[in-house]
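A.B. asks: A predicted structure for the sequence below; I have some questions about it.
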Amino acid sequence: MKQVVVITGPTAVGKTKLAIAIAQRFHTDIINGDAYQIYKNMNIGTAKPSMAERLGVYHHMMDILSPSEVYSIADYQRDVRKCIDELVACGKLPLLVGGSGLYIDAVIKDYRFEEAKRDDNVEARYQHLSDEELHQHLEQLDKDVASTIHPHNRKRVLRAIELASSPISKDSRAYREDYYYNTLVIFLNDEREALYQRINQRVVQMIDAGLIEEVSSIGENNFSLTSRVAIGYKECLSYLNGEISREEMIEQIQKNSRHYAKRQFTWFKNKTHARIVNVDVNHFEQTIEEVQHIISQFIKE
């Protein structure tokens, strides 16, 4: 079975810095495991590695789509698995890096999207619900899936509800726990309050770096239903539309980023057999050495 290493963890924990160091030490590439770094021009709000950081390590699955394009989890699974095959064929260790739990899970576990058949009656069953009520119902069934779908994308919300409610789909699609690869999942962790402080600071830094201008330059009509729900972008769009103040926008981005970090920890704690590594911000080289040792032992197995 092919070996795959996943480096994940909550937002702002240091995944990018560590992953680049690890990729260089193992002479391999990085496969993007972030649902929104696949989009071109969405750089600041997604905390995308800079071109200088990418200079020494090739990053697959990054900047592959326009923000106006819709890209499904099934599309992501197909394309990443192709990357993994190509890296293995070249004798390289696939290194999947990011914090989008559902996307990573779809790659490393035996998700089979094509098996669940569509129920033609599902739309009629929920026709009495508004888009917002329908999305809230999906959140009750599967909060992680709901977070990836815009409330106004009624077709996708209905399909997600159908899949989440079907015993057949739970067995054959997104609820299989069988691993598709021999996978090592490394979850970078930090003390909660320290992490939240870094998240708050990073949001301010993103604003100072030009996040609002980035969103404005893309243009509201050029965001697809999938790209526009990215944290940082949806709040900036509300600000640019005059719906909230600048201060409210910053507070919302910070709050939503903290909540996302909490969901990330819960996802990987409950759904993967992750090896938790506590990050030492002041002695980061030690964290790199620890992760390198863990991966070296995994490769030898």
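C.D. replies: Thanks, I have the structure now. Residues are numbered from 1 along each chain as shown.
A.B. asks: how near is Asp110 to Leu141?
C.D. replies: 21 Å (Cβ to Cβ, to the nearest Å). Just so you know, the C-beta spots here come from the backbone N, C-alpha and C atoms, and that holds for glycine as well.
A.B. asks: Pro10 now?
C.D. replies: According to Cβ to Cβ, Pro10 and Leu141 sit 24 Å apart.
A.B. asks: more crowded one of these two?
C.D. replies: Neighbours were counted for Pro10 and for Leu141 using other Cβ atoms under 10 Å; Pro10 has more, 27 against 13.
A.B. asks: so what's that one up against?
C.D. replies: Pro10 makes contacts with 99, 188-190, 195, 260-262, 264-265, as judged by Cβ atoms under 8 Å, 6 or more residues apart in numbering.
A.B. asks: please apply the same query to Lys271.
C.D. replies: 101, 105.
A.B. asks: separation between it and Ser217?
C.D. replies: 37 Å.
A.B. asks: kindly report the same for Gly9.
C.D. replies: Gly9 sits 30 Å away from Ser217, going by Cβ to Cβ.
A.B. asks: ok, how many other residues are close to Ala52?
C.D. replies: Ala52, neighbours per other Cβ under 10 Å, totals 7.
A.B. asks: assign it to helix, strand or coil.
C.D. replies: Secondary structure assignment for Ala52 (DSSP: H, G, I helix; E, B strand; the rest coil): helix.
A.B. asks: backbone phi and psi for the closest residue to Thr272 other than its chain neighbours, please?
C.D. replies: Of all residues beyond its chain neighbours, the one nearest Thr272 is Val185 (4.7 Å), with distances taken as Cβ to Cβ, 6 or more residues apart in numbering. Backbone torsions of Val185, given as degrees, to the nearest 10, read phi -110, psi 120.
A.B. asks: can you get me a residue count around Val185?
C.D. replies: By the criterion of other Cβ under 10 Å, Val185 has 21 neighbours.
A.B. asks: that one and Val277 touch, don't they?
C.D. replies: No: taking contacts as Cβ atoms under 8 Å, Val185 lies outside contact range of Val277: 10.7 Å.
A.B. asks: gap between Ala230 and Val215?
C.D. replies: 10 Å.
A.B. asks: can you tell me what sits against the strand or helix carrying Glu132?
C.D. replies: Assigned by DSSP states H and E, Glu132 belongs to helix 131-141. By Cβ under 8 Å, 6+ apart, the residues outside helix 131-141 that reach it are 126, 129, 145-146, 149, 151-152, 154, 157-158, 160-161, 164-165.
A.B. asks: may I see the buried residues of the following helix or strand past that helix?
C.D. replies: Downstream of helix 131-141, the next assigned helix or strand under DSSP H and E is helix 143-146. Buried residues in helix 143-146, counted by 16 or more other Cβ atoms under 10 Å: 144-146.
A.B. asks: again with stretch 199-210
C.D. replies: Neighbour counts over stretch 199-210 (16+ other Cβ under 10 Å) mark 199-200, 202-203, 206-207 as buried.
A.B. asks: now for the most centrally placed residue in the chain: which residues touch it?
C.D. replies: Closest residue to the average C-alpha location of the chain: Ser100 at 2.0 Å, with Cα atoms, centre = their mean. By Cβ under 8 Å, 6+ apart, Ser100 lies in contact with 33-36.
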